[in-house]
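> no FASTA, just this:
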């Protein structure tokens, strides 16, 4: 606990660090991700900027990026303590570029003075200590920080407040100055948080990889099933890497969303730097498994990753292109399953999947817009849609679902169906079942009861499970 009485009564300036102290994140990470989301090609300029020093590096980024201070995640404990210290000078002192620090200070209205990096000087460590000593004198200020680099400042400060540091840091700080209080690091995120962050529940979508095994009646071939299982795991790891990257690039828009703001990275539960490590690790693990399956499958998953990356960086903001691409990503899973078991591609299966998943992609956008409308907003943050588009999206989405059922009906009477099924007419019963399910999910969405992701909704919905079971029984009966 922090001794708030001493904190408030002292007349010495209280200097507060930003990254990891006042903020639960790091402004360099936040701004860098924002820069890449604006234009991925900036990645190639980063080494040249860094060659000019950290201060210039931060200035080059900040000059191209705007971040809403209201969207950042602050440490409520530090905010509360600062509100109790209005009788003493309070200084925001950070290595973050001055564009961001001044913006944050104006938003919070808790600081009397701001000191930060300015494009020439990187105000961190000993540079920060020198600035504060020149400004307030040796031992003429207290400093609130969170990292080992702050020891250089605490050596010359009258008092130290250790925020979000471990016991070792507090012990080192006490060896160089008077530690007046400690705000311990919040409980580290556990395995459940990471499972949710990498969207293991979204691996349900990868069950589409097994569809070619079922459609070609090779479910009892051990090799085909084993390869499909490996392909399922490969896609899962690769997709999780993309999900993490997408969350990192969508931080600002997610924090404005009524439900997505609770995601681990958007809420500050998981640090951004860990996400930056997890995203490529998961993706490379998926690629390694894909290469084991074979070069053809590797090329498919590489194409999947390229499309998902394009979606995350740019195409999700393009009206209609985003939903068509989402439908294509579902269909690619079926293509991947087909390539993995070296089976011929089925025109009927691909056509059916494209239309049904286009309907579900539309349903996803419809649900997001409906939530925006309920919260009083007129447009989806980070998307190209407006609430005025709701009726059109509903019409297009429902039509796509019905067309998918029409494709299935045409397939039932095709030569391909006659070769695979002894009683193909039994499959006609699948059509009204799917028409019922498709109509039902759109009605639920219209009434505001749909989950953000219709696939996740279907996995949790008992009626949807019954529909899947009935379709499975009918398919077996048609054999």
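Perfect, thanks for sending it. Keep in mind that what you see is a predicted model, and the values were worked out from it rather than measured.
> quick one: contacts of stretch 335-343?
Outside stretch 335-343, the residues that touch it by C-beta atoms under 8 Å, 6 or more residues apart in numbering are 208-213, 216, 218, 224, 227-228, 230-231, 235, 293-294, 296-297, 300-301, 304, 344-346, 350. (C-beta placed from N, C-alpha, C; glycine too.)
> so residue 66: helix, strand or coil?
Classification of residue 66 using DSSP: H, G, I helix; E, B strand; the rest coil returns coil.
> give me phi/psi at it?
Main-chain torsions, residue 66, degrees, to the nearest 10: phi -120, psi 130.
> for the stretch 51-200 of the chain, what are the low-confidence residue spans?
Within the stretch 51-200 of the chain, the ranges that satisfy pLDDT under 70 run 187-188.
> and the strands in it?
Counting by DSSP state E, counting those that start in this stretch, one finds strands in the stretch 51-200 of the chain at the ranges 90-97, 113-117, 142-145, 159-163, 178-183.
> so which of those comes closest to residue 439?
Residue 439 sits nearest to strand 90-97 of all these, at 52.6 Å, using C-beta to C-beta.
> what lines up beside the closest one in the sheet?
Partners of strand 90-97 in the sheet, by DSSP bridges, are strand 14-16 (parallel), strand 113-117 (parallel).
> now the most centrally placed residue in the chain: closest residue in space that isn't a chain neighbour?
Nearest residue to the geometric centre of the chain (C-alpha atoms, centre = their mean): residue 247, 1.3 Å. Leaving aside its sequence neighbours, residue 247 sits nearest to residue 265 (C-beta to C-beta, 6 or more residues apart in numbering; 4.7 Å).
> count the residues that sit near the one you found.
By other C-beta atoms under 10 Å, the residues close to residue 265 number 24.
> what's the answer for residue 350, then?
Burial of residue 350 is recorded as 16 neighbouring residues (other C-beta under 10 Å).
> ok, it - contacts?
Applying C-beta under 8 Å, 6+ apart to residue 350 gives the contacts 331, 334-335.
> one more pass at 10 Å, please.
Taking C-beta atoms under 10 Å, 6 or more residues apart in numbering, we find residue 350 in contact with 331-332, 334-335, 338, 407.
> that one: helix or strand, and which one exactly?
Using DSSP states H and E, residue 350 sits within helix 347-374.
> buried stuff in stretch 429-448?
Judged by neighbour count (16 or more other C-beta atoms under 10 Å), stretch 429-448 contains these buried residues: 430, 433-434, 437-438, 441-442, 444-445.
> residue boundaries of the helices in the stretch 1-150 of the chain?
Secondary structure of the stretch 1-150 of the chain (DSSP state H, counting those that start in this stretch): helices located at 4-9, 27-38, 46-51, 54-62, 76-83, 98-108, 125-136.
> now, of the contacts of stretch 335-343, which are buried?
Neighbour counting with 16+ other C-beta under 10 Å marks 208-213, 216, 224, 227-228, 230-231, 235, 293, 297, 300-301, 304, 346, 350 as buried within the contacts of stretch 335-343.
> sec struct for residue 269, please.
What three-state DSSP gives for residue 269 is coil.
> ok, the nearest residue to it once chain neighbours are set aside - contacts?
For residue 269, ignoring the flanking residues on the chain, the nearest one in space by C-beta to C-beta, 6+ apart is residue 189 at 5.4 Å. By C-beta under 10 Å, 6+ apart, the contact set of residue 189 is 196-197, 264, 269-271, 274.
> just residue 264 next, same as before
Applying C-beta under 10 Å, 6+ apart to residue 264 gives the contacts 189, 193-194, 196-198, 244, 247, 270-271, 274-275.
> most neighbours, which of the residues you listed?
Counting neighbours by other C-beta under 10 Å, residue 244 comes out on top of the contacts of residue 264 with 27 neighbours.
> find the nearest non-adjacent residue to it, please.
Distance criterion C-beta to C-beta, 6+ apart; nearest residue to residue 244, sequence neighbours excluded, is residue 279 at 4.3 Å.
> tell me which element that neighbour is part of?
Assigned by DSSP H and E, residue 279 belongs to helix 272-293.
> and residue 182, how far is that from residue 76?
Using C-beta to C-beta, to the nearest Å, residue 182 is found at 16 Å from residue 76.
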